[in-house]
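Engineer: whatever this is, show me its structure:
(chains A and B)
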Protein chains: 2
Amino acid sequence: MYIVPEKAVADLVTREASFDAVEKVFAAMASGDAYNFPVVREAIGHEDALYGFKGGFDRAGLTLGLKAGGYWPNNLEKRGLINHQSTVFLFDPDTGKVKAMVGGNLLTALRTAAASSVSIKHLARQDAKVIGMIGAGHQAKFQLRAALEQRNFEKVIGWNFHPEMLPNLQEVADEAGLPFEAVELDGMREADVIISITSSFDAILKADQVSPGTHIACMGTDTKGKQEVDPQLLVKADVFTDEVAQSISIGEAQHAVAQGLIQEADVAQLVPLRQSRLMDVLQQEGLWIRPRALDLLTNRLVLIAHGDDAAPLDLSAADLGGLLAKAGWPWR
Amino acid sequence: MYIVPEKAVADLVTREASFDAVEKVFAAMASGDAYNFPVVREAIGHEDALYGFKGGFDRAGLTLGLKAGGYWPNNLEKRGLINHQSTVFLFDPDTGKVKAMVGGNLLTALRTAAASSVSIKHLARQDAKVIGMIGAGHQAKFQLRAALEQRNFEKVIGWNFHPEMLPNLQEVADEAGLPFEAVELDGMREADVIISITSSFDAILKADQVSPGTHIACMGTDTKGKQEVDPQLLVKADVFTDEVAQSISIGEAQHAVAQGLIQEADVAQLVPLRQSRLMDVLQQEGLWIRPRALDLLTNRLVLIAHGDDAAPLDLSAADLGGLLAKAGWPWR
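Structural biologist: Here you go, the predicted model:
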């Protein structure tokens, strides 16, 4: 029985380890070896808190357990505690006995950061130079720090509903020796990769504020009603996720699906290895499929938009089919 | 942060404390102060195990948490461990921080025993003499021991699919200085109170094997598909439960409701105090309503059947209405 208090987690878990774990579990989910149980999430009617359980089982890694906890919005102001509070419990899948209790706050931050980092690794263009951040809170720093390790970014741009929080992004850019620029949402057209990490209930980013070929990771939407981007963006994009069922019910795809703009079948499961192989083939062949660029929608959401103004694809359907076959397509 | 390992629970929790806690939480559930979250229960595809989470919040008692674990059917044979394995986790409802981890195996046994014990206290006839047990496994001993504290029983009768386990019941009867008799199911007509505690997937007890006025607590059914009694028994009974939603979906009432024999509205929430007051009034008035006797269906199920051959009720509707009004009826 292991008990790992929250304060010990920082010395035990690195960004690299989080990345590897999340990449492996995405692959295990795609192959059916790992899956999540239905999410329980309740407004308990006390302290305005949301509380619940996210459980799952990885048959390949023999990991069984859950994260319990939620969001206590008054914690910081009333008690100086962070508002997200969670604890991870692991069980022995052979016997059902409890095996470990681990503080889940930093783990959640690292896991969420790793998810967009995995999507960038496998789906963003190799020559991405500008990363755009929508959201500049506590979690945004984690997302940005992890994302900067995946490409040779040359510049960070950012927008936040409360501009006074933008120095959070500046701080991470400074660490990495990169320039930072605060922009209006229209300025996001300059970005090759965009991460949104807000707790918004309305679309922030409009479809015409994204350039073709951009990879977007929408990480903030984890509850019915939340929303970060214009549903039209999902129509114009290939949409990937780590868990289709969650994405279309409590993730960013819920709105486009509810409005009939896309169907469940339009949301694809990310298969890290196959997607990367496809990207390699396309790049070896000197092609970059802009108008139908690859994109990913995680449990939260990650996608690449391809704009209306995209250059026509200079490739016959047969050529494309051949390329895709080489890459092991389709992955569904 | 409290950590209470399984082996320490026996010295910390008594049958009396379990009874008090369950009675209080039933009352809190009836008043809307406490409620359960949706149950997650998954066949994980490893070791034939069922695993999941039962969580809830008691706003009155400020208790927030869950029980995680399940059923590992090979534990006993392969490893000498009990097959039911669970752990209870409590959280601070003010902050979301984890507060306690408690071994849940003995707690589950005591809680399940207390549930039928509460139903007997509030709903069984005061002059009950014979208690019938259907099921004679590990948990049956807990149910019987707790039940015997609620009335001046004079005899224990029992049936089990595997008769070689009946000495379990004999042992508890001996402890209490009561005679024990193994019976066929027809012999259950002698019982004033019946507890069924099996993991059956077919009805065991038929409607004509129960005498009018008998209080039945069906405790074994906690999963879709399980079943202990003839659904016709629910038609002939007043049906009570601690949680209507669970009772009609994964509890004993699922079959009668699915077959259209009774409706959700026919399953009443147990309100311990009001039900007891009603019983007191009826007994002070020298009346015992046999043909429409009180009964209870818990999350698992508890009920009193009133047979077709019941004596006609020697009381006008107006008289009955007056009595019920004195008792604070209706409780819904």
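Engineer: all contacts plus neighbour counts: C-alpha atoms, from now on.
Structural biologist: Noted.
Engineer: which neighbouring elements make contact with whichever helix in chain A runs longest?
Structural biologist: Ranked by residue count, the top helix of chain A under DSSP state H comes out as helix A:105-123. Helices and strands touching helix A:105-123, by 3 or more Cα pairs under 8 Å, 6 or more residues apart in numbering or on different chains; DSSP states H and E, are helix A:6-12, helix A:15-30, strand A:84-91, helix A:138-147, strand A:214-218, helix A:272-284.
Engineer: between helix A:138-147 and that helix, find me the angle.
Structural biologist: Interaxial angle of helix A:105-123 relative to helix A:138-147 (axes from the mean of the first three to the mean of the last three Cα atoms, to 10 degrees): 40 degrees.
Engineer: what's the pLDDT at the residue positioned nearest the centre of chain A?
Structural biologist: Compute the mean C-alpha point of chain A, and by Cα atoms, centre = their mean the closest residue is residue A:116, 3.8 Å away. In the predicted model, residue A:116 carries a pLDDT score of 89.
Engineer: any idea how far the residue lying closest to it once chain neighbours are set aside is from chain B?
Structural biologist: Excluding the flanking residues, the one nearest residue A:116 by Cα to Cα, 6 or more residues apart in numbering or on different chains is residue A:217, at 5.9 Å. Using Cα to the nearest Cα, to the nearest Å, residue A:217 is found at 28 Å from chain B.
Engineer: now the helices and strands packed on helix A:105-123 in JSON lines, with distance to residue B:237, mean neighbour count and mean pLDDT?
Structural biologist: Formatted as JSON lines, the helices and strands packed on helix A:105-123 follow (distance: least, Cα to Cα, whole Å; neighbours: other Cα atoms under 10 Å in any protein chain shown; pLDDT from 0 to 100):
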{"stretch": "helix A:6-12", "distance to residue B:237": "52", "mean neighbour count": "12", "mean pLDDT": "85"}
{"stretch": "helix A:15-30", "distance to residue B:237": "48", "mean neighbour count": "19", "mean pLDDT": "84"}
{"stretch": "strand A:84-91", "distance to residue B:237": "42", "mean neighbour count": "23", "mean pLDDT": "92"}
{"stretch": "helix A:138-147", "distance to residue B:237": "56", "mean neighbour count": "22", "mean pLDDT": "96"}
{"stretch": "strand A:214-218", "distance to residue B:237": "54", "mean neighbour count": "30", "mean pLDDT": "88"}
{"stretch": "helix A:272-284", "distance to residue B:237": "57", "mean neighbour count": "18", "mean pLDDT": "55"}
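Engineer: so what's residue A:51 scoring on pLDDT?
Structural biologist: At residue A:51, the pLDDT value in this model is 95.
Engineer: hmm, I typed the wrong one, I wanted residue A:81.
Structural biologist: 94.
Engineer: the residue nearest to residue A:116 contacts residue A:119, correct?
Structural biologist: Yes. If you go by Cα atoms under 8 Å, residue A:217 and residue A:119 touch, sitting 7.5 Å apart.
Engineer: residue B:158: which of the helices and strands packed on helix A:105-123 is closest?
Structural biologist: Nearest to residue B:158 among the helices and strands packed on helix A:105-123 is strand A:84-91; the distance by Cα to Cα comes to 36.7 Å.
Engineer: got the angle between that closest one and strand B:84-91?
Structural biologist: 160 degrees.
Engineer: confirm residue A:232 sits in a helix?
Structural biologist: Yes. Under DSSP: H, G, I helix; E, B strand; the rest coil, residue A:232 falls within a helix.
Engineer: what's near enough to touch it?
Structural biologist: By Cα atoms under 8 Å, 6 or more residues apart in numbering or on different chains, the contact list for residue A:232 reads A:207, A:256, A:261.
Engineer: ok, it to residue A:261 distance?
Structural biologist: Computed as Cα to Cα, to the nearest Å, the residue A:232 to residue A:261 distance reads 8 Å.
Engineer: now residue A:103
Structural biologist: Distance from residue A:103 to residue A:261, by Cα to Cα: 40 Å.
Engineer: out of the two, which sits in the more crowded spot?
Structural biologist: Shown here are residue A:103 and residue A:261; by other Cα atoms under 10 Å in any protein chain shown, residue A:103 has more neighbours (22 against 14).
Engineer: show me what the more buried one bridges to in the sheet.
Structural biologist: Residue A:103 has these beta-bridge partners by DSSP bridges: residue A:87.
Engineer: ok, it - contacts?
Structural biologist: Per Cα under 8 Å, 6+ apart, neighbours of residue A:103: A:4, A:5, A:6, A:7, A:9, A:86, A:87, A:88.
Engineer: columns distance to residue B:147 on top of the residues you listed, output as CSV?
Structural biologist: Listed next are these as CSV, based on distance: Cα to Cα, whole Å:
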residue, distance to residue B:147
A:4, 41
A:5, 42
A:6, 44
A:7, 47
A:9, 47
A:86, 39
A:87, 38
A:88, 38
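Engineer: got the contact list for the residue lying farthest from the centre of chain A?
Structural biologist: Within chain A, residue A:95 marks the point farthest from the mean C-alpha position, 33.3 Å out by Cα atoms, centre = their mean. Taking Cα under 8 Å, 6+ apart, we find residue A:95 in contact with B:72, B:75, B:81, B:85.
Engineer: any idea how far it is from residue B:77?
Structural biologist: Residue A:95 is 12 Å from residue B:77, by Cα to Cα.
Engineer: now do residue A:58
Structural biologist: Relative to residue B:77, and taking Cα to Cα, residue A:58 is found at 25 Å.
Engineer: neighbour count: the two, which is higher?
Structural biologist: Set residue A:58 next to residue B:77 and count neighbours by other Cα under 10 Å: residue A:58 wins out with 19 against 10.
Engineer: please name the bridge partners of the more buried one.
Structural biologist: With DSSP bridges as the criterion, residue A:58 is bridged to residue A:34, residue A:63.
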